[in-house]
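Q: The following comprises the amino acid sequence and a computationally predicted model.
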Amino acid sequence: MDDSGGAPDSDSLEPNPPARLPEVINIVGDGDLILDVTFENSKDTIRFERGAQSRLISRGPRPALKARVRLAFRVSLKALKSQSKYFEKLLGDSHFKEAKNISSALAALLERHIKPGAAEAKDLPWIKIHDDDEATHYAHRDGVFSDLLRILHGGEATTKQITMPYVTTLTVLADRFDCTSAVSKYLANGMKFKWPVTSRKPVRDEVSIMSRKNEDILRQKILVSWLLNQPMRFQAATKEIIMNGSCRWSAFPEDDGTSDAMWWYLQDGLEQELQFRRQCILNTIASVQRHFLQLYTSRARQCKLGYDSSAACDSYQLGEMFKFLANRNLTFLVDFSPGSLDSIADTSLLQVDAVLSALRQCPSYQIDKNHTNCGLRTRILPILDFIQSMLSAPIIPISRNAWKNDRQAVAWLPPAGAGGGKTPTGDRPFRFTRSLAGDQRLRFENVMGADKFVRELFTASSWDWTAEDQAQDALPSTTPRWSLQ
């Protein structure tokens, strides 16, 4: 993308030969500046747009798709400079060639006693702008740019069908020309746009994962709410992608030609932070089943009834536990052969709520009628309730204002160089105690110190889910001693 000043074909004797002028769209009829904009579309964008149009039910007229579109827009120099810091700098700073050309062209009109608002388009100063589809992969950016200029001049957008890709492209252009404030106000007050719903509706007896199309829209929602300063929408969208995952975070990503759009790698460190928060949550939940598998494979007796059959009870519970987890695809049998790694499923789109729901379905296995409450179910349900309540904390998604103002204070991801940023660093074990499980204060939002506690839970270096009371342990713990002073 680039911008250049001066009229087109400036080497000609005429300032702007009529035969070579593009179509002029009057944003304001008495404008004193012409923006000569060239929009270029790649073959992939055109191919994708044609496929999208072919799937539409409506058979009405559709705009033609072109690889290159050139349009001119008659605008007000004063309006652009007042609404856009980009244009204020480019068109008002004499260090730029564009600003010098504008001053020269307007001075020439004054010498001819012609007011700029009454001059013909070919006699006004022309500023060239080039725009490609690299950031948006949206073919109809000419219409979006036209609406952007109308918004900056206090007018109304003329596009009838407002879609999420349209709003995203409008936002990306507003960010490029540094006028997001005006677009944010118009989107909130002037544009009746209903944000699409991307949350998944689980189907009974079927694993629900987010489709590529839904994730594309969800990522656009995150980008738009970030750039247009909409903290509530941003918080809701970031939590949704944390809980549902992303195909981009897969070890086996698939490229469909649109994954290099601006929202497929979120800016300002958001992409890495969102992926890391999801990784921390999955690690915490996985540590629960891993903890009990280790307990039942150790020599420590888990059946506390003291019967002669207690050893057999432990072996029985271990077998039933592993069979249940394997059937639910929550654990996988991997041996020393490299080929066994192929049996591990891709969990990049694994729904966090679905994992918790599956673990809750663990039956109450009994080796005989005497061994009640010996299995996994009675021990794991309080832990799952605890984790579920922690996932409702407002610290799980990213707060836009906090991330903008003090990113280092709210980031879960360790700074660069601290362990590579892939796993939490330092020895910070978390110990789950009976007193902690019964603390009702953790069930409410905005409890004093709760945000810090939730963060320490999910970023712990290890988890002990069957620890005794904290006071009896000599090991360090991340569990805070609660006090509501």
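A: Perfect, thanks for sending it.

Q: Work out for me the element the nearest residue to Gln220 once chain neighbours are set aside sits within.
A: Using C-beta to C-beta, 6 or more residues apart in numbering and skipping residues adjacent in sequence, the residue nearest Gln220 is Thr168, 4.2 Å away. C-betas here are computed from N, CA, C, even on glycine. In this assignment (DSSP states H and E), Thr168 forms part of helix 164-176.

Q: What's the mean pLDDT across that helix?
A: Summarised as a single mean, pLDDT over helix 164-176 is 95.

Q: next one: stretch 79-91
A: On average, stretch 79-91 scores 94.

Q: Between its first and last residues, how far does that stretch reach?
A: 12 Å (C-alpha to C-alpha, to the nearest Å).

Q: Pull out the buried positions in it.
A: Residues of stretch 79-91 classed as buried by neighbour count (16 or more other C-beta atoms under 10 Å): Ala79, Leu80, Lys81, Gln83, Ser84, Tyr86, Phe87, Leu90, Leu91.

Q: do the same with stretch 345-361
A: Thr347, Ser348, Leu349, Leu350, Gln351, Val352, Ala354, Val355, Leu356, Ala358, Leu359.

Q: Pick out the most distant pair among those.
A: Using C-beta to C-beta, the two most remote members of the buried residues of stretch 345-361 are Ser348 and Leu359, lying 19.5 Å apart.

Q: and the host helix or strand of Leu106, how far out from the chain's middle?
A: Using DSSP H and E, the element containing Leu106 is helix 97-111. Helix 97-111 sits 44 Å away from the centroid of its parent chain (C-alpha atoms, centre = their mean, to the nearest Å).

Q: In the stretch 201-350 of the chain, where is pLDDT below threshold?
A: 201-208, 253-259, 304-310 (pLDDT under 70).

Q: In it, mark out all the strands, start to finish.
A: Counting by DSSP state E, counting those that start in this stretch, the stretch 201-350 of the chain has no strands at all.

Q: all helices of it, in order?
A: 212-227, 231-244, 270-297, 310-327 (DSSP state H, counting those that start in this stretch).

Q: For the first one, which outside residues touch it?
A: Read that as helix 212-227. 164-165, 167-168, 171-172, 174-175, 180, 195-196, 198, 200, 210, 230-231, 233-234, 237-238, 240-241, 244, 246-247, 256, 258, 262-264, 266-268, 270, 400 (C-beta atoms under 8 Å, 6 or more residues apart in numbering).

Q: In this structure Phe48 contacts His137, no?
A: Yes - with contact defined as C-beta atoms under 8 Å, Phe48 counts as touching His137 (6.8 Å).

Q: about what we covered before: farthest-separated two in the buried residues of stretch 79-91?
A: Ala79 and Leu90 (14.3 Å).

Q: average model confidence for stretch 37-55?
A: For stretch 37-55, mean pLDDT rounds to 82.

Q: Then stretch 180-197?
A: Per-residue scores along stretch 180-197 average to 89.

Q: Compare Phe48 and His137 (neighbour count), which wins?
A: Applying other C-beta atoms under 10 Å to Phe48 and His137 shows that His137 carries more neighbours, namely 24 against 17.

Q: and the more buried one, that's in a helix?
A: No - applying DSSP: H, G, I helix; E, B strand; the rest coil, one finds His137 to be coil, outside a helix.

Q: need the contact list for it.
A: His137 makes contact with Ser42, Asp44, Thr45, Phe48, Thr258, Ala261 under the criterion C-beta under 8 Å, 6+ apart.

Q: Likewise for Ala188?
A: Contacts of Ala188 (C-beta under 8 Å, 6+ apart): Gln230.

Q: so how far is Cys179 from it?
A: 15 Å (C-beta to C-beta, to the nearest Å).

Q: swap in Ser225?
A: Relative to Cys179, and taking C-beta to C-beta, Ser225 is found at 17 Å.

Q: quick one: secondary structure of Leu71?
A: Strictly by three-state DSSP, Leu71 counts as strand.

Q: so how many other residues sit close to it?
A: Residues lying near Leu71 (other C-beta under 10 Å) number 17.

Q: now Asn401
A: 12.

Q: Surely it touches Pro231?
A: Yes - between Asn401 and Pro231 there is a contact under C-beta under 8 Å: 5.8 Å.

Q: a markdown table please, covering the helices of the stretch 201-350 of the chain and showing mean neighbour count and distance to Arg68.
A: Formatted as a markdown table, the helices of the stretch 201-350 of the chain follow (neighbours: other C-beta atoms under 10 Å; distance: least, C-beta to C-beta, whole Å):
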| stretch | mean neighbour count | distance to Arg68 |
| --- | --- | --- |
| helix 212-227 | 21 | 25 |
| helix 231-244 | 20 | 34 |
| helix 270-297 | 19 | 32 |
| helix 310-327 | 17 | 57 |
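
Q: All the strands of the stretch 51-200 of the chain, in order from the start?
A: Per DSSP E, counting those that start in this stretch, the stretch 51-200 of the chain carries strands over the ranges 68-75, 126-132.

Q: quick one on the thing from earlier: now the helix holding Leu106: buried residues?
A: Glu98, Ala99, Asn101, Ile102, Ala105, Leu106, Leu109.

Q: you'd agree the first one is up against Leu90?
A: In other words, Glu98. Yes - Glu98 is within contact range of Leu90, at 5.4 Å (criterion: C-beta under 8 Å).

Q: so the helix or strand harbouring Glu456 versus helix 270-297, what angle?
A: Element membership for Glu456 (DSSP H and E) is helix 450-458. If you take axes from the mean of the first three to the mean of the last three C-alpha atoms, to 10 degrees, helix 450-458 sits at 60 degrees to helix 270-297.

Q: Tell me how far helix 450-458 lies from the chain's centre.
A: 22 Å.

Q: Run through the neighbouring helices and strands of that helix.
A: helix 270-297, helix 377-391 (3 or more C-beta pairs under 8 Å, 6 or more residues apart in numbering; DSSP states H and E).
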